[in-house]
Structure formats: C-alpha cells, structure tokens
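>>> have a look at this prediction, sequence included:
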Amino acid sequence: KEPNVPNFEIGAHCNSPYPCDFIGTCWKNMPEHSVHDLTNARGKDWELYNSGVFKLADVPTDFPLSHSQQVQVEAERTGKAHINKEGIREFTCALNYPLYFMDFESIMPAVPIFDQTRPYQQAVFQYSVHIQEFEGGPVEHKEFLADPTDKNLRVTVAEKLIEHMGTKGDVIVYNQSFEIPRMNELGRDYPELKGGMESISYRVVDLAVPFSQKLYYTKEMRGSYSIKVVLPSLVPDLSYKDLEIGDGGTASLTFLQMVQGEFNGDVAKTRKDLLDYCGLDTWAMVKILDKLQTT
C-alpha cells in the first residue's frame, strides 16, 4: 500500500477503456470550459493540453480546427451566441404541419420480461406527444404510461401511439437514433404493428440537427447538444431541476422496479412524476422550435 498519491499525469488513459473513478480528484484543477470540452476532439484536446493550453478561449488562432470546433472556440472567446439564421430558417421552413413532438421512455432488463425481446432490449413503456396544427398555434398534449403489470405493454403502448399520431405531418424527436430503432423493433417483433410504426418513423425530423451542426450555439452548451443543455440556453425559464424524476436513467430504473414488483414508494405520485418528466421533454421541444422560428 502506497502512503502517498501517485504522481501520475492525466491523459487519454483516464477514460480508456472506461472513465476512472478518480477523475474528479485528478482533474480538479482543470478550468471550466476546458479544451476537453472540444467537440469531436480526436486527440486535439490533449495536443492543446500538452502544449500548455487549458482553456478553450485560449486556443491559438492558427491551431487547426474543424468548422464546428471553430464555432465553439469563437463562442468561448467572445461570449456571444453563434446563430446561423439562414441555416436555421432552411430547417424550420422545411417542416410539414401538423407537428407531433414525440418522446419515448424505455426499460432494458437484463433478463427478458416481455415476449419477443432479448436481454437488454429496449422496451418502450411511456410516451408524450405535443401536437401543433400550425406555426404559432395552440398545442395539444397526449400521453400514455403503461401499467407495469401489463405483460403485453409494448403492444399496448404502440397501439396507443398509432392512435395519437395521425397520418400526416412531421414527427419531431430529439435524437432520432433512439426513437426510430424502437419503432423499427416494434414493427419487426409484431408484424401487425409494422405499417403503423413505419407510417410514424417515415415522418421523423430530428430537432437535434440544428444544434449538432452548431447552427445555434452558446458557450453554455460546452460542446454538447443534449436537450438538457440546449433547453436552458434557449429557454431559461424551463428546467428539469425541479422535477422529482429529472433524467431518463431514473425514469427507466423507477419503472423497471415497478415491473419487477420491487418498488416501495408512492405509486400514484411516482406515475405523475414519470408523466411530468416525459411531458417536459416534448414541451421543451415545442419551446425550442419556437425559439428557432423567432430567431
């Protein structure tokens, strides 16, 4: 047993093959908005760090950066938001109304619970949909949270979703790499749902695109385009902080405990908390798009 903390420099090894439990200790002197926040750094962050550059705002002007990285660094230097109005307008003007702002929540049990599922397969148990018939118009809310004792809940959720999604108009999601595979899996596992799932997935538009492409970027986003960081940057009066359930991981774990009969809390209140969380995800998308349309 060593009496002193090893004198070992931080580096890429801190996150390889997994994040080290001592990052909080070893990295405590790294400044906020450091070079390690650089989007798709691919080693550039360590090149800068090893040359003595720790803050994004201090990156030399002649250091080779991609366009996305240049946008990020410039926002750090100036403190001003980067807003590509032409690109944003191109995105928003291509939308087809009515709009269906949709979000799923899912569980992924290690031991399959439902028919037609494999270990760790995502099983959707909840959704929220905000519907807007025309730009700037009123918004209607639909939602569904499955009964945890329903052994056929994947089908139940899918059938309700098809009922609420109509047959025309874009389906707005935030990060389509999650929602589309879930719909494809439901159509694959239950052929009777395939047509309905495809009719929804073909209409999907990813609201994350303007942010992943940095058409709209503020330094507070710190290189991320997660809705959790985009929302307070664009709509500061909305926040997940006051919710009892404020992230997808907690929502998933809570419902899985209900399914497995291991939940000991207030079921009625917790179901409301789950609905509130998923509902904020889709309401956040409504407000984010509204901000983009009025930029």
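Great, that's in hand. Residues are numbered from 1 along each chain as shown.
>>> so where do the helices sit in the stretch 151-295 of the chain?
For the stretch 151-295 of the chain, the helices defined by DSSP state H, counting those that start in this stretch cover 153-164, 176-189, 194-201, 209-212, 227-234, 248-259, 267-293.
>>> give the other helices and strands that the shortest one contacts.
Identification of packing neighbours for helix 209-212 by 3 or more CB pairs under 8 Å, 6 or more residues apart in numbering; DSSP states H and E yields helix 85-93. (C-beta placed from N, C-alpha, C; glycine too.)
>>> now do 10 Å
Applying 3 or more CB pairs under 10 Å, 6 or more residues apart in numbering; DSSP states H and E, one finds that helix 209-212 makes contact with helix 85-93, strand 216-217, helix 227-234, helix 267-293.
>>> give me whichever of the ones you listed is most buried.
Of the helices and strands packed on helix 209-212, the one with the most neighbours on average (mean count of other CB atoms under 10 Å) is strand 216-217, at a mean of 24.
>>> got the contact list for that one?
By CB atoms under 10 Å, 6 or more residues apart in numbering, the list of residues contacting strand 216-217 from outside reads 39, 68, 71-72, 74-75, 81-85, 87-88, 91, 210-211, 223, 225, 230, 233-234, 288, 291-292, 295.
>>> for the record, mean pLDDT for it?
In this model, strand 216-217 has an average pLDDT of 96.
>>> low-confidence stretches in this protein?
Residues of the chain that meet the criterion pLDDT under 70 lie in 1-2.
>>> could you redo the last one with a cut-off of 90?
Judged against pLDDT under 90, the low-scoring parts of the chain cover residues 1-9, 11-12, 15-17, 22, 24-29, 31-33, 115-116, 239-242, 295.
>>> gap between Ser66 and Thr39?
Distance from Ser66 to Thr39, counting by CB to CB, to the nearest Å: 8 Å.
>>> do the same with Leu99
The span separating Leu99 from Thr39 equals 28 Å under the rule CB to CB.
>>> if you count what's nearby, which of the two comes out ahead?
Neighbours per residue (other CB atoms under 10 Å) separate Leu99 from Thr39, with Leu99 holding more: 25 against 22.
>>> for the nearest residue to the more buried one once chain neighbours are set aside, which residues are in contact?
Among residues not flanking Leu99 along the chain, Gln132 sits closest, at 4.8 Å (CB to CB, 6 or more residues apart in numbering). Residues in contact with Gln132 (CB under 10 Å, 6+ apart) are 95, 97-101, 138-140, 169, 172, 286, 289-290.
>>> let me know the closest of those to Ala251.
In terms of CB to CB, no member of the contacts of Gln132 lies closer to Ala251 than Phe101, at 17.6 Å.
>>> returning to what we had before: can you name the residues bridging to the residue nearest to Leu99?
Applying DSSP bridges to Gln132 gives these bridge partners: Leu99, Val139.
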